[in-house]
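Peer 1: Sequence first, predicted coordinates after that:
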Amino acid sequence: MTNQHGRDDVAGENIVTVFGATGFLGRRIVSRLLDKAVDVRAASRHPHKNILDNTSGRRPSQQIAADILDPSSIAAAVAGSRAVVNTVSLYVERGELTFERVHVQAAADLATASRDAGVERFVHISGIGSNPKSSSDYIRARGRGEEAVKAAFPGALIVRSAVMAGPDDGFVTTIARLVRLLPIYPLFGDGGTRLQPVHVEDVAEAVSRLASGQIATDASTFECAGPRIYSYREIVREIAAQLRAPSRLVPLPFAVWSILATAAELLPAVSLTRNQVELMRRDNVAASGLPGLEELGIRPRCIEEVVHMIGHDD
Ligand SMILES: NC(=O)c1ccc[n+]([C@@H]2O[C@H](COP(=O)([O-])OP(=O)(O)OC[C@H]3O[C@@H](n4cnc5c(N)ncnc54)[C@H](OP(=O)(O)O)[C@@H]3O)[C@@H](O)[C@H]2O)c1
């Protein structure tokens, strides 16, 4: 099969397969890889989704249907790849679709299939704060997932991200929408949780540099975080000020949020999850001593840029 760069895909010259390619981060990773003239195989369960801006005329070399829970589908998806990226998410557990199943077992299955297929580089996306011993099911699964991937694919690269901001994110955009809508804005707890939001384009660039082999590194774990640490209260206050929305911030205990999230998860369109509430209880900032964006040659951008874009979109 000849791809859009006129090379033979089957030979696997330089194919990077991205699992989760239709997602918030995955789409940008695909775009950044294409910028580097890398052949991209975009894998997800819904391959008909538009990944890239229609007007750009760019498209992945291949866009395929693949389910990370199905071993035969992942073996076919990684065949002939030089590198594989796992940016599949699961934020809400439903029945057999658990954090353990997706973030540990399926991640390890994908890493094993990649190793067996002779893939050179495996990049696994995780989250800052991942901890195999955490009392939170989600954070524990992320930590155990990292361990399982490293055991299955020696030399796997782990990229832990802080909460990501981008024009279509679920963080800054949600806060921006709510501060404009609500005269009284309920904070998570007293709003003191410390966060270090990172621009999604910076994380995508970091992942694409690692997956394309542009950066040679001895490090195995990277933490991508933004240039500034804020309290949640500060973020809300700054977004409200930038959008000139006179919202009054009031503390709301985490116990109340947990009840609201339990109810929200029963709705068809989930707007708040227990997992989100659980994550907001803990500081989420980069650990000192681990390499991050700077070590990958990327100057982290401020999230104010995202707020500015949102403000000018309406
Ligand atoms: N967003 C953040 O602020 C943030 C912060 C820290 C870490 N992270 C991590 O970054 C990664 C990407 O997050 P995101 O926010 O970009 O997620 P997202 O927007 O929800 O995208 C997830 C992607 O995974 C695909 N997917 C889900 N289940 C799949 C399955 N069974 N088989 C194949 N593909 C599947 C989805 O496509 P289909 O539905 O079409 O299959 C989609 O392309 C995740 O590991 C997440 O935990 C995110």
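Peer 2: Everything's here; your move. Not measured: the values here are computed from a predicted model. Numbering: from 1, shown residues only.
Peer 1: May I ask you to confirm that residue 277 is in contact with residue 252?
Peer 2: No - look at residue 277 against residue 252 with Cβ atoms under 8 Å: they stay out of range, at 10.5 Å. The C-beta positions use only the backbone N, C-alpha and C, and glycine is treated the same way.
Peer 1: Show me which of those two is the more surrounded one.
Peer 2: Neighbours around residue 277 and residue 252, counted as other Cβ atoms under 10 Å, are more numerous at residue 277. The numbers are 21 against 17.
Peer 1: so which helix or strand takes in that one?
Peer 2: For residue 277, the host element (DSSP states H and E) is helix 274-280.
Peer 1: is any part of the helix or strand just after that helix close to the ligand?
Peer 2: Next helix or strand after helix 274-280 toward the C-terminus (DSSP H and E): helix 304-313. No - applying Cβ under 6 Å from any ligand atom, one finds helix 304-313 separated from the ligand by no less than 11.9 Å.
Peer 1: give me the residue from this protein nearest the ligand.
Peer 2: Closest contact between the chain and the ligand, by Cβ to the nearest ligand atom, is at residue 23 (2.1 Å).
Peer 1: what's the overlap in contacts for residue 277 and residue 252?
Peer 2: Here residue 277 and residue 252 share the contacting residues residue 188, scored by Cβ atoms under 8 Å, 6 or more residues apart in numbering.
Peer 1: Up against the ligand, what does the protein have?
Peer 2: Looking at the ligand, the residues of the chain close enough under Cβ under 6 Å from any ligand atom are 19-26, 44-46, 66-69, 87-89, 125, 127, 161, 163-164.
Peer 1: Which of those fall in helices?
Peer 2: With DSSP state H as the criterion, helices contain 24-26 from among the residues of the chain next to the ligand.
Peer 1: from those residues, which is closest to residue 201?
Peer 2: Lowest distance from residue 201 to those (Cβ to Cβ) belongs to residue 25, with 9.7 Å.
Peer 1: what's the pLDDT at the residue nearest in space to the middle of the chain?
Peer 2: In the chain, the residue lying closest to the centroid (Cα atoms, centre = their mean) is residue 25, at 5.0 Å. At residue 25, the model reports a pLDDT of 97.
Peer 1: close enough to count as contact, it and residue 204?
Peer 2: Yes - Residue 25 is within contact range of residue 204, at 6.2 Å (criterion: Cβ under 8 Å).
Peer 1: Now do the helices in this structure.
Peer 2: Under DSSP H, the chain gives helices at 24-35, 71-78, 99, 107-116, 137-152, 172-181, 200-211, 232-242, 254-264, 274-280, 304-313.
Peer 1: which residues touch residue 18?
Peer 2: Taking Cβ under 8 Å, 6+ apart as the test, what residue 18 contacts is 26, 29-30, 33, 40-43, 84-85, 87, 211.
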